[in-house]
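A.B. asks: Turn this into a structure:
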Amino acid sequence: MRVTISNLNCLLRRDQTMPMSLPQFDAFGLCLRPFRGGDDAAWLHYLEMPDVRKLTDWQVSSTSELLLLMQSDKQHGPIRFAVAGKDDDQLVGTIGFLDLLEGEAEIAYDLTPSLWGRGIASAACDAVCAWGCAKLGLQRIKACVRVDNRASARVLEKCHFRLEGTTRELRHAGGRLADYWIYRRPATNGQAVNIAADQRA
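C.D. replies: Have a look, this model is predicted:
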């Protein structure tokens, strides 16, 4: 199958028959929505930025490469949403789950660097975690963060994730195998943990 933005939403869902309800997130002039035409170019634009490449394991150079990567495990994930402006509908980030297996999933998120440090990632992560517990029946949520990405670690800590340990050379990031912190958060009965808007991350 040729991968295009028109079938991206199917590729970013664990089960193509599953109703696509949305996490409750409406803050900072942003919302969560399914992917739409044009999102692939906007997504790739900031994923290619040096500040993003050096802190994440995103290493893509074309929209086709990006979409092919996202369909690598359709059976067990991923489920991913666009973070977009409410007024202009422009994609500025993405968030969702990878590898949904036996009541556990890995959360992943990215945001254009111009919006870092405003509390957006923490609020979106909290909302999506609550949605995953309530709608997907998740009992545990995992996150993997490069050990030099302290800002992303703070996002998780504000969302009640706990550091479990470090895995050496877990993934390629910034052109090399990098060490990652492993975080986990238990189920919260579908309730967000009320991240304060003035907590910057």
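A.B. asks: For whichever strand or helix holds V145, name the packing helices and strands.
C.D. replies: Using DSSP states H and E, V145 falls within strand 140-146. Contact here means 3 or more CB pairs under 8 Å, 6 or more residues apart in numbering; DSSP states H and E; on that basis strand 140-146 packs against strand 104-111, helix 120-135, helix 150-158, strand 162-173, strand 176-186. Placement of C-beta: from N, CA and C, glycine included.
A.B. asks: and if we set it to 10 Å?
C.D. replies: Using 3 or more CB pairs under 10 Å, 6 or more residues apart in numbering; DSSP states H and E as the contact test, the elements touching strand 140-146 are strand 91-101, strand 104-111, helix 120-135, helix 150-158, strand 162-173, strand 176-186.
A.B. asks: Determine which of those approaches Q59 most closely.
C.D. replies: Proximity to Q59 (CB to CB) singles out strand 162-173 among the helices and strands packed on strand 140-146, at 6.6 Å.
A.B. asks: Where does pLDDT dip in the chain?
C.D. replies: 1-20, 69-77, 172-175, 188-201 (pLDDT under 70).
A.B. asks: For K86, the count of nearby residues, please.
C.D. replies: 12 (other CB atoms under 10 Å).
A.B. asks: tell me the contacts of it?
C.D. replies: 26-31, 33 (CB atoms under 10 Å, 6 or more residues apart in numbering).
A.B. asks: got the helices and strands packed on strand 140-146 as JSON lines, with mean neighbour count columns?
C.D. replies: Formatted as JSON lines, the helices and strands packed on strand 140-146 follow (neighbours: other CB atoms under 10 Å):
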{"stretch": "strand 91-101", "mean neighbour count": "21"}
{"stretch": "strand 104-111", "mean neighbour count": "21"}
{"stretch": "helix 120-135", "mean neighbour count": "24"}
{"stretch": "helix 150-158", "mean neighbour count": "19"}
{"stretch": "strand 162-173", "mean neighbour count": "13"}
{"stretch": "strand 176-186", "mean neighbour count": "17"}
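A.B. asks: Present these as a markdown table; the columns should include distance to L44.
C.D. replies: Formatted as a markdown table, these follow (distance: least, CB to CB, whole Å):
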| stretch | distance to L44 |
| --- | --- |
| strand 91-101 | 10 |
| strand 104-111 | 11 |
| helix 120-135 | 19 |
| helix 150-158 | 20 |
| strand 162-173 | 17 |
| strand 176-186 | 21 |
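A.B. asks: With W58 as the reference, name the closest of these.
C.D. replies: So among those, strand 104-111 is nearest, using CB to CB, at 6.8 Å.
A.B. asks: ok and that closest one relative to helix 150-158, angle-wise?
C.D. replies: Here the directions of strand 104-111 and helix 150-158 differ by 130 degrees (axes from the mean of the first three to the mean of the last three CA atoms, to 10 degrees).
A.B. asks: right, and M49 touches L111 too?
C.D. replies: No - assessed by CB atoms under 10 Å, M49 is found out of contact with L111, at 11.1 Å.
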